[in-house]
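Trainee: need a 3D model of the sequence below.
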Amino acid sequence: MAHKADRWSTPDTVAGFAQSPANQRLLRFAEDRLRQRPTGVALDIGCGAARNAVPLAQVGWQVVGTDLSWPMLIAAAGRVQADGVAARVRLIRAAMDAIPASDHTFDLIVAHGIWNLARSSAEFRRAVAEAARVATAGADLFVFTFSRHTLPGDADPVAGEPFVFTQFAQQPQCFLTEEQLVNELERVGFVPNPAMPIQELNRRSAGAIFTGTAPVIYEGAFHFTGSRTK
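Mentor: Okay, the predicted model is just below:
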């Protein structure tokens, strides 16, 4: 999962991602979706060291993983080979907003900890639009991204930006409310999937002191209708 390659290419960071387990909620959802189709092609945007790409391939998906970090992709390639899924996984160096694939290619799109790294709302919207462009009719989208509740209520966004803040990591990142997330995705044709409603993870209890150590996360699935609202 990389926006600026240098941020995610240090040996310690790569090693940590190489040992990270898969998102089990994603895998359960992906297995269920695959039962409803004979074959499936998945896109893992910002795949990092293939923590999700390899397990997706193991349950039967053909997977394309993209990332900007060469060290992450090298680690991903090693994991793919070690786990015996080289025939089912293709790794490509690419940005979140420039997917090297034809229109209507993917039945499942995974945006796991990547869209929150967009440095502007324009970049975020380009990335979301790219996901819609490469989605097949009826495709599924799994989203794991930062919630606005990560930050104190009085935190101000970057001037002119609706959901870009610098307070968490001293650099621009996206922190959306649930309403903003749903609206941005509906804009390009993705609607919430009731089979996996949006959950908010790591939410602090009311009155808890803000520490800034762990982001609050929105996690959930969407369905591609192909009908843009704007």
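
Trainee: okay, strands next: where are they in the protein?
Mentor: 41-45, 62-67, 89-93, 106-112, 135-146, 164-165, 173-174, 190-192, 199-201, 217-224 (DSSP state E).

Trainee: packing partners of the fifth one?
Mentor: Under the contact criterion of 3 or more C-beta pairs under 8 Å, 6 or more residues apart in numbering; DSSP states H and E, strand 135-146 touches helix 24-34, strand 106-112, strand 173-174, helix 178-187, strand 217-224. C-beta here means a position set from N, CA and C on the backbone, and glycine is covered the same way.

Trainee: got the contact list for the first one?
Mentor: With contact meaning C-beta atoms under 8 Å, 6 or more residues apart in numbering, helix 24-34 is reached by 40, 42, 52, 55-56, 59-61, 107-108, 110, 112, 140, 142, 144, 195-196, 219, 221.

Trainee: just the buried ones from the residues you listed?
Mentor: With burial judged by 16 or more other C-beta atoms under 10 Å, the buried subset of these is 40, 42, 52, 55-56, 60-61, 107-108, 110, 112, 140, 142, 144, 196, 219, 221.

Trainee: residue contacts, the nearest residue to Pro71 once chain neighbours are set aside?
Mentor: Nearest non-adjacent residue to Pro71, counting by C-beta to C-beta, 6 or more residues apart in numbering: Ser9, 4.3 Å away. Shown in contact with Ser9 (C-beta under 8 Å, 6+ apart): 2, 69-72.

Trainee: specify which member of those is nearest to Gly16.
Mentor: Relative to Gly16, the closest of the contacts of Ser9 is Met72; by C-beta to C-beta it sits at 10.8 Å.

Trainee: residues contacting the residue nearest to the spatial centre of the chain?
Mentor: Per C-alpha atoms, centre = their mean, the C-alpha nearest to the average position across the chain is that of Ala111, at 1.7 Å. By C-beta under 8 Å, 6+ apart, the contact set of Ala111 is 45-46, 96, 127, 131, 141-145.

Trainee: per-residue confidence at it?
Mentor: Per-residue pLDDT puts Ala111 at 98.

Trainee: same thing with Thr213?
Mentor: So Thr213 comes in at 69 (pLDDT).

Trainee: ditto for Gly65
Mentor: 98.

Trainee: go on, Asp44?
Mentor: 98.

Trainee: ok, His3 next?
Mentor: The model's pLDDT for His3 equals 43.

Trainee: which stretches of the protein have low pLDDT?
Mentor: Along the chain, segments meeting pLDDT under 70 span 1-8, 205-213, 229-230.

Trainee: that older thread, let me have the strands of the chain in CSV, extended by distance to Glu184.
Mentor: As requested, the strands of the chain are exported to CSV (distance: least, C-beta to C-beta, whole Å):
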stretch, distance to Glu184
strand 41-45, 15
strand 62-67, 20
strand 89-93, 25
strand 106-112, 12
strand 135-146, 10
strand 164-165, 13
strand 173-174, 9
strand 190-192, 9
strand 199-201, 17
strand 217-224, 11
